[in-house]
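Asker: take a look and give me a structure for this.
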Amino acid sequence: MRVNAGFSRLLRLPGVWVRGVQFDTDRVVVTLALRRRRLLCPVCGYSTAHRHNRQQVESVWRHLDLGTWRLELRARLRRLRCPRHGVRVEGVPFARPGSRFTRDFEQLVAWLATRTDKTTIRRMVRVDWATVGRIIERVTGDELDPDRLENLFEIGIDEVSWRKQHRCLTLVADHLRGQIVWGHEGRDAATANRFFKEIGRSRSQAIEVISLDMGPGYAKSAREHAPQATIAIDPFHVCALGNRALDDVRRGYWNELRQSGDPQAARRFKDARWSLLKAPPNLNEDQARTLRRLRNAGGEVWRGYTLKEALRGIFAPGLTLADVTILIDRFISKATRSRLRPFVTLAGTIRRHRDGILHAIRLGINQGRTEALNNKVRLITRRAYGFHSANAALALVMLTCGPITLAPPHESHA
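Answerer: Okay, the predicted model is just below:
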């Protein structure tokens, strides 16, 4: 078998002939020629038989490595004049527009990015991390399901931090499919308005339930664009506010100890934070011992802890809507009379969102799935710390948690 014919079968690239193969010290260079005679615009697919001119230099693409050798594809392409996009180099069937990598190479990089860290990808495929980000953006834009915003009935809107300095992404999850279907940088009402504007008025009015946290921005946008939807306040965020209130009480007491002139006592009490915030079954021996000492000491910190645990118990499995209604009213009353400022504030917040919390219990819809996705998103963003643009981070999120099905190249060609 001739070398050209052998590489043609080996590469399995659509729509090309292998014209030559050159072996260099660290790479194999394969020269290609397109089979088709008509020229295609790489952006819109406009087809013409008329050639504007021919490139003076060869175009180069990186393909999957051949053992330890880099594999490069080269071809001298033609240029056409598109009515919409002007003079362009013709598109090729084995690579995306504007890319210098083949589709198989980009599919491998994207698949690895959903499963491993950036250092592994860089060393394995021998590209830099910025290039990985651009590849992920291209693959996501090409593979993302265009119908993902259809038939949205039960959704959750939440934010997740993707970088330091409070840089966040707003993510919209479809509860029924268990997938993230939309995202954008920001975490305010304007960002949520962008989502509702994109799906349109008719699809906004088809939404039946929206699960939210207790922030004012998303709720304002939801009431404005989907007034018919039931707002369900996520119990997870209610418990998170309880933890925050307890931590405020703990911090205030810690500051009092610092000012009392006993730095050792303040230092010992600072270590009690996780004993107070963690669920009792998750405490280790030292934390459980610290919690027993706090219980014996009593005072504001222990009262705050009992309120936090009472709030967490409201959402225990197996309770009916009537049980939760009674318990949440009791908590509001007890927290209001606790004389602990953070819990008095918390009681007012829960009172304002009481109906939404009860809607979540009644419908059995909350941010559980959204938070599960967000936990995966947080892992992704930590793994993708090298990304410097929200678009690249969001593309990786959609690639991992969105309506995209990826497989390694050898499975796609099987």
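
Asker: any idea which helix or strand comes after the strand of greatest length in the chain?
Answerer: Ranked by residue count and defined by DSSP state E, the top strand of the chain is strand 154-163. Tracing the chain past strand 154-163, the next element assigned as helix or strand by DSSP states H and E is strand 167-174.

Asker: which outside residues touch that following strand?
Answerer: The set of residues that contact strand 167-174 without belonging to it, under C-beta atoms under 8 Å, 6 or more residues apart in numbering, is 148, 152, 154-162, 179-187, 191-192, 195, 218, 369-370, 373-374, 377, 390, 393-394, 397. Any C-beta I mention is one placed from the backbone N, CA and C, and that applies to glycine too.

Asker: can you select the buried ones from the residues you listed in ChimeraX?
Answerer: Provided next is the ChimeraX selection string for whichever of those are buried by 16 or more other C-beta atoms under 10 Å:
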select :148,152,154,155,156,157,158,159,160,162,179,180,181,182,183,184,185,186,187,191,192,195,218,369,370,373,374,377,390,393,394,397
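
Asker: which of the contacts of strand 167-174 fall within strands?
Answerer: The strands in this structure, assigned by DSSP E, contain 154-162, 179-185 from those.

Asker: coming back round to it: other SSEs contacting the longest strand of the chain?
Answerer: Counting contacts by 3 or more C-beta pairs under 8 Å, 6 or more residues apart in numbering; DSSP states H and E, strand 154-163 is packed against strand 167-174, strand 209-212, helix 368-383, helix 390-401.

Asker: using PDB, write out every CA atom in it.
Answerer: Output for strand 154-163, consisting of C-alpha atoms alone and laid out as PDB, is shown next (Å, rounded to 0.1, in the frame of the first residue of the first chain):
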ATOM      1  CA  GLU A 154     -39.600  24.200  36.000                       C
ATOM      2  CA  ILE A 155     -36.400  26.100  36.200                       C
ATOM      3  CA  GLY A 156     -33.900  27.200  38.900                       C
ATOM      4  CA  ILE A 157     -31.900  30.400  38.700                       C
ATOM      5  CA  ASP A 158     -28.700  30.700  40.800                       C
ATOM      6  CA  GLU A 159     -25.300  32.300  40.700                       C
ATOM      7  CA  VAL A 160     -21.900  30.700  41.100                       C
ATOM      8  CA  SER A 161     -18.500  32.400  41.600                       C
ATOM      9  CA  TRP A 162     -16.100  31.500  38.800                       C
ATOM     10  CA  ARG A 163     -13.200  33.700  39.900                       C
END
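
Asker: strand partners (parallel or antiparallel) of it?
Answerer: If you go by DSSP bridges, strand 154-163 pairs up with strand 167-174 (antiparallel), strand 209-212 (parallel).

Asker: quick one: average confidence on the shortest one?
Answerer: Predicted confidence along strand 209-212 averages 90 (mean pLDDT).

Asker: buried residues in that strand?
Answerer: 209-212.

Asker: for my notes, confirm residue 88 occurs in a strand.
Answerer: Yes - note on residue 88: a strand contains this position according to DSSP: H, G, I helix; E, B strand; the rest coil.

Asker: quick one: it and residue 79 touch, right?
Answerer: Yes - Residue 88 is in contact with residue 79 according to C-beta atoms under 8 Å; the separation is 6.6 Å.

Asker: okay, the two: which has more neighbours?
Answerer: Counting neighbours by other C-beta atoms under 10 Å for residue 88 and for residue 79 shows that residue 88 has the greater number, 20 against 15.

Asker: can you name the residues that contact the more buried one?
Answerer: With contacts taken as C-beta under 8 Å, 6+ apart, residue 88 has the following neighbours: 41-43, 79-82.

Asker: what residue ranges in the stretch 51-200 of the chain score low on pLDDT?
Answerer: Within the stretch 51-200 of the chain, the set of residues satisfying pLDDT under 70 comprises 164-166.

Asker: make that the stretch 251-400 of the chain, sorry
Answerer: 261-271, 366-374, 381-388.

Asker: start and end of stretch 82-90, how far apart?
Answerer: Taking C-alpha to C-alpha, to the nearest Å, stretch 82-90 runs 10 Å from one end to the other.

Asker: now stretch 222-235
Answerer: Taking C-alpha to C-alpha, the span from the opening residue of stretch 222-235 to its closing residue is 18 Å.

Asker: now stretch 161-175
Answerer: Taking C-alpha to C-alpha, the first and last residues of stretch 161-175 lie 21 Å apart.

Asker: mind listing the helices for the stretch 101-250 of the chain?
Answerer: With DSSP state H, counting those that start in this stretch applied, the stretch 101-250 of the chain shows helices at 103-113, 118-125, 129-143, 189-205, 216-225, 235-259, listed in chain order.

Asker: for residue 355, find the nearest of those.
Answerer: Residue 355 lies closest, by C-beta to C-beta, to one member of these: helix 216-225, at 11.9 Å.

Asker: pretty sure residue 32 sits in a strand.
Answerer: Yes - the assignment for residue 32, made by three-state DSSP, places it in a strand.

Asker: from what I can see it touches residue 13, true?
Answerer: Yes - counting by C-beta under 8 Å, residue 32 does reach residue 13; the two are 7.4 Å apart.

Asker: spit out the residues that contact those two alike.
Answerer: With contacts taken as C-beta under 8 Å, 6+ apart, the residues that reach both residue 32 and residue 13 are residue 73.

Asker: neighbour count for these two, which is higher?
Answerer: residue 32 (25 against 22).

Asker: what sits against that one?
Answerer: By C-beta under 8 Å, 6+ apart, residue 32 lies in contact with 13, 16-19, 73-75.

Asker: if we go to 7 Å?
Answerer: The neighbours of residue 32, taking C-beta atoms under 7 Å, 6 or more residues apart in numbering as the test, are 16-19, 73-75.
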